[in-house]
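[1] using only what follows, build the 3D model:
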Amino acid sequence: MGYYQRHIFFCTNCREDGNCCEDHGATEMRGYAKDRAKAMGIHGKGQVRVNTAGCLDRCNEGPIAVVYPDGVWYTYQDERDIDEILEEHLKNGRVVERLQI
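    Below is the predicted model:
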């Protein structure tokens, strides 16, 4: 096993044309996810790392997050969606199909 079991990358890119994840509060959601992962006790060595990413090139489907090494892409709307991704996928290893793209 690597240093982390899983990474979740949040696209926080901002484009001049306005078609970007940052326009959907991606930086705030990434911060929320990191705080929640720590509170849940799943953040850190051997567990989960919450990361910022530049453009993930799926702007029309945003906001976007991707979990590696699983290669599962998600969209989300609010903290409840982030909570579900953290609890189900990152803690329990179950893909959240309703948010998967």
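[2] ok, now which ones touch the spatially most central residue of the chain?
    Closest to where the C-alpha atoms of the chain average out (C-alpha atoms, centre = their mean) is Ala65, at 3.8 Å. Ala65 sits next to 8-11, 29, 33, 73-76, 85 when contact means C-beta atoms under 8 Å, 6 or more residues apart in numbering. In this view, the C-beta of every residue, glycine as well, is placed from N, C-alpha and C.
[3] now the one helix or strand it maps to: buried residues?
    Assigned by DSSP states H and E, Ala65 falls within strand 64-68. By 16 or more other C-beta atoms under 10 Å, the buried positions in strand 64-68 come out as 64-67.
[4] now Lys34: how far from Cys20?
    For Lys34, the distance to Cys20 equals 20 Å [C-beta to C-beta, to the nearest Å].
[5] meant to ask about Asp78
    18 Å.
[6] how about Tyr32?
    In terms of C-beta to C-beta, Tyr32 sits 18 Å off from Cys20.
[7] same thing with Gln77?
    16 Å.
[8] check Glu61 too.
    For Glu61 relative to Cys20 (C-beta to C-beta), the value is 12 Å.
[9] again with Cys11
    Applying C-beta to C-beta to Cys11 and Cys20 gives a distance of 8 Å.
[10] more neighbours: which of the two?
    Cys11 (25 against 19; other C-beta atoms under 10 Å).
[11] partner residues bridging the more buried one?
    Ala53 (DSSP bridges).
[12] and the longest helix for this structure?
    helix 26-40 (DSSP state H).
[13] which neighbouring elements make contact with that helix?
    strand 6-11, strand 48-53, strand 64-68, helix 79-84 (3 or more C-beta pairs under 8 Å, 6 or more residues apart in numbering; DSSP states H and E).
[14] nearest to Leu90, out of the ones you listed?
    strand 48-53 (4.9 Å; C-beta to C-beta).
[15] contacts for that closest one?
    For strand 48-53, the surrounding residues in contact (C-beta under 8 Å, 6+ apart) are 4-13, 27, 30, 33-34, 37, 42-43, 66, 86, 90.
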